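[1] Need the 3D shape of this:
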Amino acid sequence: MTTKSIGRLAGVLFLLTAITGGWGYSYLRTTVMIPGDATVTVANIMASEFLFRLAIVATLLSQVFLVFFGLTLFQLFKEIHRILATVLFVSILMTAGIAIVNQLNNFGALLVLSGADYLKAFTAEQLKAMAFLFMRLAGAGQGLLEIFWTPYFFAFGLLAIKSKYLPKVLGILLIIMSITYGLNIYTKFLIPTFHPLMFTRMAIGFGALGGLPMMLWLLIMGARVEASDRRAA
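    Predicted coordinates:
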């Protein structure tokens, strides 16, 4: 494969990751999960169990796409700077691994609401509380995996700048994006009451500003090759 086609393949995988993971996360965390209200959250799960399961499957599928996206980026950048390419790939693997294991919490919520005989030892209110707890743990697990978004996007940005396969400005935006993710997560872990919504909105805003242009560039343009590189090839 040519450098340009590898870049376009990365763009396709990036898009598939964003679509499946974005819908799965949005449905689980904003449609189903109602902060501070276990009763409504459980009602949302029971009202459409199939969609709840579909969102879990979409999230898992997105991690498969993410791993292959990481492999493609490693193939693209390994000759540019092998250490940075390795940091990028390992960070993606850690992200995918934590995301996959984190779905056990969502399955746990389904399990305690399954009505199995061994659950009759608990009252209905206790089962609601346990299901809500599993959903809260899934949210904490999302924070854990986002820790690795900082080295992931920071390395991606540096490689974009060093390689000249991609516009320098996109690399700079990815670096800024990685810093805002780090600020958002560590602030929430250390000082959870310190303007949590502000940092979340900042991370989402810079995430869109860095991630969307990079995705579109890879899809449409692929990875550009300098004239000197073409002559060498």
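[2] Quickly note the distance from the closest residue to Phe122 other than its chain neighbours to Ala121.
    Once flanking residues are discounted, Phe122 sits nearest to Met130: 7.3 Å by CB to CB, 6 or more residues apart in numbering. C-beta here means a position set from N, CA and C on the backbone, and glycine is covered the same way. As judged by CB to CB, to the nearest Å, Met130 and Ala121 stand 12 Å apart.
[3] more neighbours, the two?
    Between Met130 and Ala121, counting by other CB atoms under 10 Å, Met130 is the more crowded of the two (19 against 7).
[4] and the helix or strand hosting that one, what does it pack onto?
    Assigned by DSSP states H and E, Met130 belongs to helix 124-146. Packing partners of helix 124-146 (3 or more CB pairs under 8 Å, 6 or more residues apart in numbering; DSSP states H and E): helix 38-47, helix 82-112, helix 168-190.
[5] Just the buried positions in the shortest one, please.
    Meaning helix 38-47. Across helix 38-47, burial judged by 16 or more other CB atoms under 10 Å covers 38, 41-42, 44-45.
[6] by contact count, what packs against that helix?
    helix 124-146.
[7] average model confidence for the very next helix or strand once past the helix it packs on?
    Using DSSP H and E, the helix or strand that follows helix 124-146 towards the C-terminus is helix 149-163. Helix 149-163 shows a mean pLDDT of 94.
[8] that older thread, figure out which of the helices and strands packed on helix 124-146 is closest to Leu76.
    Leu76 sits nearest to helix 82-112 of all the helices and strands packed on helix 124-146, at 8.2 Å, using CB to CB.
[9] Now render the buried residues of helix 38-47 as TSV, adding distance to Phe77 and pLDDT.
    TSV is the format used below for the buried residues of helix 38-47 (distance: CB to CB, whole Å; pLDDT from 0 to 100):
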residue	distance to Phe77	pLDDT
Ala38	46	93
Thr41	42	94
Val42	45	94
Asn44	42	94
Ile45	41	95
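[10] mind putting those residues in CSV, distance to Ala155 included?
    Converted to CSV, the buried residues of helix 38-47 look like this (distance: CB to CB, whole Å):
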residue, distance to Ala155
Ala38, 40
Thr41, 37
Val42, 41
Asn44, 38
Ile45, 37
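[11] Return the member of those nearest to Gly70.
    Ile45 (31.7 Å).
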